[in-house]
Structure formats: structure tokens, C-alpha cells
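Student: sequence unknown, structure follows:
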């Protein structure tokens, strides 16, 4: 489960939750143990191995929760072609195909008043995009696999690295 960290388990990523259990950030094992030891955080989930010092042993944290609430303003996720593709998992939202060249398609075409927004752009294969043309999906007789929406801030966690512990998914809204 922890491949890639070798003998230096103090560099293992740990999910940090706000007091409200909202995902806040990711830190390293070393910092998480310090926060636990200082009483600034509590252990939510741990790995099966322990961390030993000369006088103590600690459960190795996978997820910790801060004792006090931290107010943060979340930056907006930029509306880019790359982020549309990531949100849709590089999967055509009309036919479900993966692994072929993809483009971004306006569900409601711009010629029909559609805009550039998270709710109107989807990942589409070239074939579906050409078949749809400047028409709506209803006019062509195709349905969207998933209604497009603005992604949650934490979708960046999912797409930026491999999650080291499956239990993180419950806290990152990925289940």
C-alpha cells in the first residue's frame, strides 16, 4: 500500500481535515505526528504500522482532524480545456468512449445562446462532436452520460496524485 516511500515513512502523505471534517490540505507524516503530539489535531484514521521513538510509539496517521476551525477561501478552479477533460475523466460524455482524441463541446451551442461555463461544456470524442454539430443533444437524439457541473475544489486532489489510502476517498467526496 505504501510503495514508493521506502524506509522514509515520515514523508508519507497525510490528509488534514478541518474541525468540520472538510478536507483542508495534505501534509507529511512528520508534521502530522507533531500536530498530534502537540494536541492540535486528533487521529481519524491510521495505517497498520506504528512510528517508534526512543521512548514512545505512535499510530501512524493517514487522516488527522484539526482541533480548531481554520477559515479558508477556496480559489476558483479555472475553466480550461484541460480541467474539463479532467472533470469528465477523458471520457466522451455522449458515447462513453475513452482513449481517442477528445475535444470540448458546448451542450447548448454558442449559436443557440450557450455560454462558456462548467455547466455547458463537456468532453466529447470527435465523432460525437461532428454528429452533434450546432444542435442540442435532444435534437440529435443523444443523452449526456452525466450532467456537467462545476467541480468541487477537491477534484484537484483526485487528479494531481495517487491517493495513498482508500479511506481518503470518503473525506474527499470520491465515493
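Tutor: On my side now, so go ahead. Being a predicted model, the structure only gives us computed values, none of them experimental.
Student: and the longest strand anywhere in the chain, average pLDDT?
Tutor: Ranked by number of residues, the top strand in the chain under DSSP state E is strand 41-52. Strand 41-52 shows a mean pLDDT of 93 in the predicted model.
Student: if I pick residue 124, what's in contact with it?
Tutor: Each residue near residue 124 by C-beta atoms under 8 Å, 6 or more residues apart in numbering is listed here: 92-94, 102-105, 132. Using the backbone N, CA and C atoms, a C-beta is placed for each residue, glycine as well.
Student: Now it: which helix or strand?
Tutor: Here residue 124 sits within strand 121-125, counting by DSSP states H and E.
Student: residue contacts, residue 151?
Tutor: For residue 151, the contacting residues are 77, 83, 87, 118, by C-beta under 8 Å, 6+ apart.
Student: got the contact list for the closest residue to residue 99 other than its chain neighbours?
Tutor: In space, and not counting its chain neighbours, residue 99 is closest to residue 90: 8.0 Å by C-beta to C-beta, 6 or more residues apart in numbering. Residues counted as contacts of residue 90 (C-beta under 8 Å, 6+ apart) are 98-99, 102, 123.
Student: One more: residue 26?
Tutor: By C-beta under 8 Å, 6+ apart, the contact set of residue 26 is 13-16, 157.
Student: next one: residue 37
Tutor: Contacts of residue 37 by C-beta under 8 Å, 6+ apart are residue 58.
Student: 10 Å instead, please
Tutor: 53, 56, 58 (C-beta atoms under 10 Å, 6 or more residues apart in numbering).
Student: what does the average pLDDT come to for stretch 141-156?
Tutor: Across stretch 141-156, the average pLDDT comes to 86.
Student: how far is it from where the chain is centred?
Tutor: Distance of stretch 141-156 from its chain centroid, counting by C-alpha atoms, centre = their mean, to the nearest Å, is 13 Å.
Student: Quick check: buried residues in it?
Tutor: Applying a neighbour-count criterion of 16 or more other C-beta atoms under 10 Å, one finds 142, 148, 151-152, 154-155 buried in stretch 141-156.
Student: ok, now stretch 121-139?
Tutor: In stretch 121-139, counting by 16+ other C-beta under 10 Å, buried: 121-125, 128-129, 132, 137.
Student: What's the separation between residue 20 and residue 69?
Tutor: From residue 20 across to residue 69, the span is 6 Å (C-beta to C-beta, to the nearest Å).
Student: if we can go back for a sec, helix or strand right after the longest strand of the chain?
Tutor: Next helix or strand after strand 41-52 toward the C-terminus (DSSP H and E): strand 57-66.
Student: Can you give the distance from that next one to the centre of its chain?
Tutor: Between the centre of strand 57-66 and the centre of its chain there are 21 Å (C-alpha atoms, centre = their mean).
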